[in-house]
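Student: kindly generate the corresponding structure for this input.
(one chain, ligands or ions: 1)
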Amino acid sequence: MRKKFEDGGMPSGRRGFLKGMAALAAAPLIAELAACARTQPASQSGSRAAASPGTASLARRRLGSLEVSTLGLGCMNVAWAYGPPTDRRDAIQLIRAAHARGVTFFDTAEVYGPFLSEEILGEAAAPFRDQVVIATKFGFDVTPAGERRGLDSRPEHIRQAIEGSLRRLKTDRIDLYYQHRVDPAVPIEDVAGAVKDLIQQGKVRYFGLSEAGGATIRRAHAVQPVTAVQNEYSVWTRDPEHEVLPTCEELGIGFVPWSPLGMGYLTGAITPATTFDPKSDLRAGFPRFTAEARAANRPVVELLQRVGQRKGATPAQIALVWLLAKKPWIVPIPGTTKLKHMEENLGALAIELTAEEVAEIEAGFARLRVQGARAPEQLLKSHDIGANLGSSSAGGHGLSPLREERSR
Ligand SMILES: NC(=O)c1ccc[n+]([C@@H]2O[C@H](COP(=O)([O-])OP(=O)(O)OC[C@H]3O[C@@H](n4cnc5c(N)ncnc54)[C@H](OP(=O)(O)O)[C@@H]3O)[C@@H](O)[C@H]2O)c1
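Tutor: Numbering: from 1, shown residues only. Presented below is the predicted three-dimensional model:
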């Protein structure tokens, strides 16, 4: 019996709220962002690289040997997770606007929608495919009709899944191909071996893991070097500090924090009065998003606001620049459906936190106790051992079975 993935199955719908998107090609704004990028501090935002004609230049960072813009764009949100899908044309314009502003790193997954996020990104990025890094993920058993049936990282399934992703993304190669969740039924060596074959065939450029713990990362890396690990990480979700970031640092692996804005909470836009539609918004079932937790956790936002106010920055920008200040090989991928939020988030690249300000955030946070787990129990269980705070894969091998255990 394969493990069930329980957070999906939402009905799809349409919303057309990205008003004003016709102004996406606004040249003055591009120039302004380019100017911001030129003045940004290299220490936190990364090195510079030439922009493609017609696009602004943003700072770049390296995930292993893969160069990407210092902030990426999470493309899950236009298809799924925190409300009904965005109007398709608006979603495409949003992604193209991000590219015009210098973003070269776009994150999606087969399961977002399912399929819709990859379809939208494929269409949006087609005119500039060769200028950007497309990251997607495999590892769920998704029927052609879009029903999510659980995990499946068997090599034969990976070989099948990539063909669908390549088709939807309108490309002949995936730049960064992540296993979305460690599959307790498949040794990670078999997964890494399958991706290694795809790399040899030219269908994949780099290998990644998501919500993996230290032992699994090491085992995978021994078969096929891992370029990036993508786990949840933000000011209020510190799980990777436990064993994953030290493992990445030791092995020279890049780190991509998902939900860098705390699923929106760290921006200050979510209050106890905010409502979440249980039919389309995952947060309706998340312990950290009950009305009580939203009220209790307000001091986290206030801490970011206090630091931000002195610098003319928003809490969202401080949350992002805090991540950038942590390590030069961290590349957050904030997700949004709104142009103005995307622009605000990119504005973080013009801000620098001093060591004292980072220490102030750390000291302030240490005095707080976040109420509510970062995900419901059944989802936390789908994260590898060592990927959640309080669990450690040291001395073990994570959720991924050893080959001999599997054959027993
Ligand atoms: N590997 C994994 O298992 C995994 C899991 C989840 C997500 N991801 C990836 O990570 C990406 C980002 O994570 P996420 O979307 O879960 O969380 P996030 O980036 O922390 O937050 C997204 C939420 O914040 C809001 N937001 C963004 N910028 C804002 C701003 N400046 N002001 C106010 N609100 C703002 C968005 O709403 P609006 O649309 O209104 O802006 C959205 O509801 C996803 O798109 C996806 O690609 C990966």
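Student: how far out from the middle of the chain is stretch 320-332?
Tutor: 13 Å (CA atoms, centre = their mean, to the nearest Å).
Student: which residues sit against it?
Tutor: The contact list for stretch 320-332 (CB atoms under 8 Å, 6 or more residues apart in numbering) reads 43-46, 61-63, 68-72, 105, 228, 233-235, 245, 248-249, 253-257, 260-261, 304, 313, 334, 345, 348-349, 351-353, 358, 361. All C-beta spots, glycine's among them, are computed from the backbone N, C-alpha and C.
Student: how about G74: what's its closest non-neighbour residue?
Tutor: Nearest residue to G74, sequence neighbours excluded (CB to CB, 6 or more residues apart in numbering): G335, at 3.0 Å.
Student: tell me, how many residues neighbour the one you found?
Tutor: Neighbourhood size, G335 [other CB atoms under 10 Å]: 25.
Student: count of neighbours near the residue of the chain found nearest the ligand?
Tutor: Distance from the ligand to each residue of the chain (CB to the nearest ligand atom) is smallest for G74, at 2.1 Å. Neighbours of G74 under the rule other CB under 10 Å: 24.
Student: now for it: which residues touch it?
Tutor: 107, 258, 333-336.
Student: mind running it again at 7 Å?
Tutor: 107, 333-335 (CB atoms under 7 Å, 6 or more residues apart in numbering).
Student: T86 and W80 touch, don't they?
Tutor: No: between T86 and W80 there is no contact under CB atoms under 7 Å: 10.0 Å.
Student: give me the more crowded residue out of those two.
Tutor: In terms of neighbours (other CB under 10 Å), T86 is the more surrounded of T86 and W80; the figures are 26 against 23.
Student: next one: phi and psi at that one?
Tutor: phi -70, psi 150 (degrees, to the nearest 10).
Student: and the nearest residue to Y178 once chain neighbours are set aside, what are its bridge partners?
Tutor: Nearest residue to Y178 in three dimensions, chain neighbours excluded: G208, at 3.6 Å (CB to CB, 6+ apart). With DSSP bridges as the criterion, G208 is bridged to Y178, A228.
Student: so what's G208 scoring on pLDDT?
Tutor: Predicted confidence (pLDDT) for G208: 99.
Student: shouldn't it be in contact with H221?
Tutor: No: with contact defined as CB under 7 Å, G208 does not count as touching H221 (11.1 Å).
Student: still on that earlier bit, which of the contacts of stretch 320-332 count as buried?
Tutor: Neighbour counting by 16 or more other CB atoms under 10 Å classes 44-46, 61-63, 68-72, 105, 228, 233-235, 245, 248, 253-257, 260-261, 304, 313, 334, 345, 348-349, 351-353, 358, 361 among the contacts of stretch 320-332 as buried.
Student: returning to that earlier point: of G208 and H221, who's got more company?
Tutor: G208 (28 against 21).
Student: what ranges do the helices span in the stretch 301-408 of the chain?
Tutor: 315-326, 339-346, 355-366, 377-380, 403-407 (DSSP state H, counting those that start in this stretch).
Student: as JSON lines, those helices with distance to R168 and mean pLDDT would be great.
Tutor: Below are those laid out as JSON lines (distance: least, CB to CB, whole Å; pLDDT from 0 to 100):
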{"stretch": "helix 315-326", "distance to R168": "29", "mean pLDDT": "98"}
{"stretch": "helix 339-346", "distance to R168": "22", "mean pLDDT": "98"}
{"stretch": "helix 355-366", "distance to R168": "39", "mean pLDDT": "98"}
{"stretch": "helix 377-380", "distance to R168": "25", "mean pLDDT": "97"}
{"stretch": "helix 403-407", "distance to R168": "31", "mean pLDDT": "79"}
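Student: sorry, back to before: OK, contacts around the residue nearest to G74?
Tutor: With CB under 7 Å, 6+ apart, G335 has these contacts: 74, 76-77.
Student: just the ones in strands from those, please.
Tutor: With DSSP state E as the criterion, strands contain G74 from among the contacts of G335.
Student: thinking again about what came up before, ok, and which of the contacts of G74 reach the ligand?
Tutor: Counting by CB under 6 Å from any ligand atom, 107, 333-335 from the contacts of G74 sit close to the ligand.
Student: out of those residues, what pair is the most spread apart?
Tutor: Maximum pairwise distance among the ones next to the ligand among the contacts of G74 (CB to CB): 9.9 Å, between D107 and P334.
Student: get me the contact residues on the stretch 101-250 of the chain for the ligand.
Tutor: Counting by CB under 6 Å from any ligand atom, the residues of the stretch 101-250 of the chain that sit close to the ligand are 107, 210-211, 230.
Student: what about those residues, which one has the most neighbours?
Tutor: Ranked by the number of neighbours (other CB under 10 Å), these place E211 first, at 28 neighbours.
Student: now it. Nearest residue, chain neighbours left out?
Tutor: E211's closest residue in space is H383 (CB to CB, 6+ apart), at 4.2 Å.
Student: that neighbour - how many residues pack around it?
Tutor: 23.
Student: ok, now R167?
Tutor: R167, neighbours per other CB under 10 Å, totals 13.
Student: now it. Its backbone dihedrals?
Tutor: Torsion angles, degrees, to the nearest 10, at R167: phi -60, psi -50.
Student: point to the residue nearest the middle of the protein.
Tutor: W258 (3.3 Å; CA atoms, centre = their mean).
Student: that one pairs with what?
Tutor: Beta-bridge partners of W258, as defined by DSSP bridges: E232.
Student: quick check: it touching A228?
Tutor: No: here W258 does not reach A228: they are 11.2 Å apart, not a contact under CB under 7 Å.
Student: about what we covered before: let's have the ones next to the ligand among the contacts of G74 in CSV, adding pLDDT.
Tutor: Formatted as CSV, the ones next to the ligand among the contacts of G74 follow (pLDDT from 0 to 100):
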residue, pLDDT
D107, 99
I333, 99
P334, 99
G335, 98
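Student: give the contact list for A284.
Tutor: Contacts of A284 (CB under 7 Å, 6+ apart): 276-278.
Student: what do you get if the cut-off is 10 Å, keeping everything else the same?
Tutor: 82, 275-278, 290 (CB atoms under 10 Å, 6 or more residues apart in numbering).
Student: circling back to that earlier point, ok, now how distant is the residue nearest to G74 from E156?
Tutor: From G335 over to E156 the distance is 31 Å, taken as CB to CB, to the nearest Å.
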